[in-house]
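Participant: No sequence on hand, only this structure:
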């Protein structure tokens with residue numbers, strides 16, 4: 001099931017929260033939705049899910065405009081907000097039955113059993129939600145978002161506050177869900193994007209500044225500069241290092257280690273090797289460092305600003 005945003009704009013007084021945002025997601029894709037705080041992520045997700053109305057533009061689910069009077073778009077969207085709203089006095093099965101009732105599902109018992117199995121909640125189904133760990137509470141929220149079998153799933157920070165084991169479990173669950181559904185995943189955890197997303201949307205100051213695959217983003221970013229980590233035998237002369245062609249920055253994490261950033265994509269390692277020979281300062285190790293997703297995110301958002 002496809003999701004399409006077309007020229008979405010939203011103002012709050014004099015503040016422009018969204019500025020003609022457009023993108024399209026096809027079924028079976030997990031899209032990482034990134035942006036600094038206040039960039040417009042939550043506003044856009046609330047518009048997609050119908051909690052807010054756009055000032056301009058349209059949202060389409062499977063080609064159908066959600067603003068049409070006869071549109072039953074809410075039955076096609078599952079939504080897990082950042083602050084997972086649960087009735088903690090309810091038991092897990094009771095809560096999912098309650099949610100199924102809101103959607104007026106038929107054969108509720110069968111569907112609840114399906115989502116309990118899908119989300120790994122069968123062993124916890126007889127517990128009150130208040131008795132669950134944060135990880136299992138997130139599973140309950142995802143189960144509730146899936147109960148009506150929507151084609152589009154919107155997840156806002158689904159792994160915030162989880163321990164490493166819980167994060168991996170939720171990631172694996174999202175990967176499994178993403179095989180059959182369109183998933184828009186908002187997160188600040190860059191490793192999460194690298195681990196499970198097919199494509200990345202980055203929003204900054206209300207506008208989409210990047211819409212690309214991870215491979216495409218890495219390629220585009222690597223063309224700007226490269227970083228080489230070098231460990232010398234003794235402390236090197238930084239002033240002479242800075243004079244090497246293309247060097248734009250040198251960092252010194254340790255006395256004999258230098259992170260050398262080059263302004264172009266040419267391999268600077270031969271120049272560093274020659275420098276070490278001339279200075280009679282042997283190199284103990286040298287390797288090119290690929291940019292992390294955090295660095296790429298900072299670069300792209302700063303460039304957009």
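Facilitator: Received the coordinates, thanks. Just so it is clear, the model here is predicted, and its values are computed rather than measured.
Participant: what bridges to the residue nearest the centre of the chain?
Facilitator: Nearest residue to the geometric centre of the chain (Cα atoms, centre = their mean): residue 32, 3.5 Å. Beta bridges link residue 32 to residue 185, residue 200, judged by DSSP bridges.
Participant: OK, contacts around it?
Facilitator: Counting by Cβ atoms under 8 Å, 6 or more residues apart in numbering, residue 32 touches 185, 187, 192-193, 196-197, 199-201. Backbone N, C-alpha and C define where each C-beta goes, glycine included.
Participant: In terms of distance to residue 80, which of these ranks first?
Facilitator: Distance to residue 80 across the contacts of residue 32 (Cβ to Cβ) is lowest for residue 185, with 9.8 Å.
Participant: counting contacts, what elements does the host helix or strand of residue 212 pack onto?
Facilitator: Using DSSP states H and E, residue 212 sits within strand 207-213. With contacts defined as 3 or more Cβ pairs under 8 Å, 6 or more residues apart in numbering; DSSP states H and E, strand 207-213 has these neighbours: strand 15-25, strand 199-204, helix 293-304.
Participant: Just the buried positions in it, please.
Facilitator: Neighbour-count burial for strand 207-213, counted by 16 or more other Cβ atoms under 10 Å, picks out 207-211.
Participant: cool, and stretch 136-151?
Facilitator: Buried residues in stretch 136-151 (16+ other Cβ under 10 Å): 136-148, 150-151.
Participant: which parts of stretch 240-248 are buried?
Facilitator: 241, 247.
Participant: I'd like to know the average pLDDT value across it.
Facilitator: The pLDDT scores in stretch 240-248 average 91.
Participant: Span of it from start to end?
Facilitator: Taking Cα to Cα, to the nearest Å, stretch 240-248 runs 13 Å from one end to the other.
Participant: Contacts for it next, please.
Facilitator: Taking Cβ under 8 Å, 6+ apart as the rule, stretch 240-248 contacts 225, 250, 258, 260-264, 266, 268, 271-272, 275, 279.
Participant: Let me know the secondary structure of residue 82.
Facilitator: Under DSSP: H, G, I helix; E, B strand; the rest coil, residue 82 falls in the coil class.
Participant: picking up where we left off before, how about the contacts of residue 32 in a markdown table, adding distance to residue 157 and pLDDT?
Facilitator: Below are the contacts of residue 32 laid out as a markdown table (distance: Cβ to Cβ, whole Å; pLDDT from 0 to 100):
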| residue | distance to residue 157 | pLDDT |
| --- | --- | --- |
| 185 | 9 | 93 |
| 187 | 6 | 86 |
| 192 | 10 | 84 |
| 193 | 12 | 86 |
| 196 | 14 | 90 |
| 197 | 14 | 90 |
| 199 | 19 | 91 |
| 200 | 16 | 92 |
| 201 | 15 | 92 |
